[in-house]
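Asks: Sequence plus the predicted model coming up.
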There are 2 protein chains.
Amino acid sequence: MGRSEIISKRDEILDASEAMIRQLGFNGFSTRDVAEAVGIKAASVHYHFPTKADIGVAVTERYTHRFLHDLGDPAAFDGDVKKVISRYVASFRHALVRDEKLCLCAVLGAEIGSLPKDVGSTARVFFERNIEWLKVAFTACRLTDAKARSQANHLLSSLEGAMIISKTMADDSVFESVAKTLSRLADL
Amino acid sequence: MGRSEIISKRDEILDASEAMIRQLGFNGFSTRDVAEAVGIKAASVHYHFPTKADIGVAVTERYTHRFLHDLGDPAAFDGDVKKVISRYVASFRHALVRDEKLCLCAVLGAEIGSLPKDVGSTARVFFERNIEWLKVAFTACRLTDAKARSQANHLLSSLEGAMIISKTMADDSVFESVAKTLSRLADL
DNA sequence: GTCTATAATTTGATAGAC
DNA sequence: GTCTATCAAATTATAGAC
């Protein structure tokens, strides 16, 4: 027996919900779908999370925390821009290729107008923290603040867009093409 | 009196639906919402489009046709990469800043897993045609096929991603930052 | 913590009158 | 082409038993 049995029902709900948001969008599944996925009834899901918005917020906060944690220390790349980019690209590739899913917050951003307000602002925090991470990382590579900011915006935007286009076209080579372009740009 | 009165109800339905998809996602509105927006009843919407999927397909095909038409001839840029980029960026800026909305197909791509199949494949065609347009444009600038392809993927991805992040952060300066970066890269 | 039962609303869609 | 009326199903959420 593995360790999977010690995962709490609450975490199972978050796992199933995250997978569904990333594949179907926040409006593309119901609390009943989540309940079925984790083997309980919808009423029990509402015991753990009173509203669907509460699920959205909890999923997004956990996703953001995990993503930033996995990225590690932004100042630990020996002042090497190529290492920063390669580390950052790897995190997105992981989401697309290993998980076979989009970035949670890109999906939420795409339907921002129909999201509960707190879910939308939690998604916004993901982007803010990512840009901050990249700015710190590039600043540690001795880029000016202006260059660090524009590089951060560019890197984040390119990867989020590449994931959506790759998924829609069912062709991960688009992502890899963009990843390669981003690496090459670091040589300049 | 302007010309707006000669717009058919069918077109009004497409206009309202496009706006709603781009703001709320395909699963973020109902045919009743569309009906109210155009001043008829839901049953009448279903007279023009039997199913919601039919609306999605029609909206996406019209959007793609209009977008490509507005881009014009991809071979008409005097072999100048900067002109190609500036023209292409302008079309996305138009969508984000003038319409104050996301790209229809980026939104659809984000919820691809919960879309009716034909809607998803119509969105895919939008990306295919855009990449083709860019490849033709860059090839006319004497880039190799490989460079034209990677530039096309990169440009499309960056702009789609930048739009989603700008909207989510309620800050168009992210888009403009990416636009500037893309222009600068053309100088290399 | 999970269940049954149920409420209140919304949704996509159809039948048939005008 | 648009309406009223209606339907069956789905949705979010709650009350209360176990």
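Replies: Nice, thanks for sending it over. Note that the structure is predicted; figures quoted are calculated from it, not measured.

Asks: Could I get the buried residue list for the longest helix along chain A?
Replies: In chain A, assigned by DSSP state H, the helix with the most residues is helix A:145-169. Burial within helix A:145-169, assessed by neighbour count using 16 or more other C-beta atoms under 10 Å in any protein chain shown, is assigned to A:147-169. The C-beta positions use only the backbone N, C-alpha and C, and glycine is treated the same way.

Asks: likewise stretch A:60-68?
Replies: Buried-residue list, stretch A:60-68, by 16+ other C-beta under 10 Å: A:60, A:62-64, A:67-68.

Asks: same thing with stretch A:42-50?
Replies: Those would be A:45, A:48-49, for stretch A:42-50 by 16+ other C-beta under 10 Å.

Asks: Return the subset of these lying in strands.
Replies: Filtering the buried residues of stretch A:42-50 for membership in strands, criterion DSSP state E, returns an empty set.

Asks: per-residue pLDDT, the residue nearest the centre of chain A?
Replies: For chain A, A:Cys103 is the residue whose C-alpha lies nearest the centre (C-alpha atoms, centre = their mean; 3.9 Å). A:Cys103 carries a pLDDT score of 99 in this model.

Asks: do A:Glu176 as well
Replies: So A:Glu176 comes in at 98 (pLDDT).

Asks: Count the neighbours of it for me.
Replies: 17 (other C-beta atoms under 10 Å in any protein chain shown).

Asks: and the helix or strand hosting it, what does it pack onto?
Replies: Here A:Glu176, judged by DSSP states H and E, is contained in helix A:173-185. Other helices and strands packing on helix A:173-185, by 3 or more C-beta pairs under 8 Å, 6 or more residues apart in numbering or on different chains; DSSP states H and E, are helix A:81-93, helix A:145-169, helix B:145-169.

Asks: what's the spacing between A:Leu115 and chain B?
Replies: In this view, A:Leu115 and chain B are 9 Å apart by C-beta to the nearest C-beta, to the nearest Å.

Asks: Quick check: that residue touching A:Gly25?
Replies: No: the criterion here is C-beta atoms under 8 Å, and A:Leu115 misses it with A:Gly25 at 9.8 Å.

Asks: okay, those two: which has more neighbours?
Replies: Each of A:Leu115 and A:Gly25 has its neighbours counted (other C-beta under 10 Å); A:Gly25 has more, 28 against 25.

Asks: quick revisit: in helices only, show me the buried residues of stretch A:42-50.
Replies: Here DSSP H is the test, and the buried residues of stretch A:42-50 give A:45, A:48 as lying in helices.

Asks: Tell me the one of the buried residues of stretch A:42-50 nearest A:Asp187?
Replies: Of all those, A:Phe49 has the smallest distance to A:Asp187: 47.3 Å, by C-beta to C-beta.

Asks: Identify the residue spatially nearest to the closest one, adjacent ones excluded.
Replies: A:Ile55 (4.6 Å; C-beta to C-beta, 6 or more residues apart in numbering or on different chains).

Asks: residues touching the one you found, list them.
Replies: A:13-14, A:17, A:31, A:34, A:45, A:49 (C-beta atoms under 8 Å, 6 or more residues apart in numbering or on different chains).

Asks: so which of these comes closest to A:Asn130?
Replies: Among the contacts of A:Ile55, A:Leu14 lies closest to A:Asn130 (C-beta to C-beta), at 20.5 Å.

Asks: wait, that closest one sits on A:Val59?
Replies: Yes: with contact defined as C-beta under 8 Å, A:Leu14 and A:Val59 form a contacting pair (5.5 Å).

Asks: Compare neighbour counts for the two and give me the winner.
Replies: Using other C-beta under 10 Å as the criterion, A:Leu14 and A:Val59 rank with A:Val59 on top: 26 against 22.

Asks: Could you confirm whether the helix or strand harbouring that one reaches DNA strand D?
Replies: Secondary structure from DSSP H and E places A:Val59 in helix A:52-71. Yes: residues of helix A:52-71 contacting DNA strand D under C-beta under 7 Å from any atom of the strand: A:52-53.

Asks: quick one: contacts for A:Leu71?
Replies: A:87-88, A:91, A:133.

Asks: Can you pull out the low-pLDDT segments for chain A?
Replies: A:1-4 (pLDDT under 70).

Asks: Flag every residue of it that's near DNA strand D.
Replies: So far as C-beta under 7 Å from any atom of the strand goes, chain A lies against DNA strand D at A:29-33, A:42-43, A:46, A:50-53.

Asks: Between the residues you listed, which sits nearest DNA strand C?
Replies: Relative to DNA strand C, the closest of the residues of chain A next to DNA strand D is A:Ala43; by C-beta to the nearest atom of the strand it sits at 3.1 Å.

Asks: Spatially, and excluding backbone neighbours, which residue is closest to A:Leu134.
Replies: A:Ala152 (3.5 Å).

Asks: measure the one you found to A:Arg129 for me?
Replies: 11 Å (C-beta to C-beta, to the nearest Å).

Asks: hang on, the earlier thing: neighbour-wise, which one of the contacts of A:Leu71 leads?
Replies: Going by other C-beta under 10 Å, A:Tyr88 tops the contacts of A:Leu71 with 23 neighbours.

Asks: Quickly note the distance from that one to B:Leu188.
Replies: On the measure of C-beta to C-beta, A:Tyr88 and B:Leu188 end up 21 Å apart.

Asks: likewise A:Ser150?
Replies: 15 Å.

Asks: And A:Phe67, by the same measure?
Replies: 31 Å.

Asks: quick one: A:Phe92 and A:Gly161 touch, right?
Replies: No: in this structure, A:Phe92 is not within contact of A:Gly161 by C-beta under 8 Å, at 10.7 Å.

Asks: isn't A:Ala162 right next to A:Val174, touching?
Replies: Yes: counting by C-beta under 8 Å, A:Ala162 touches A:Val174, with 6.0 Å between them.

Asks: shared neighbours, those two?
Replies: B:153, B:157.
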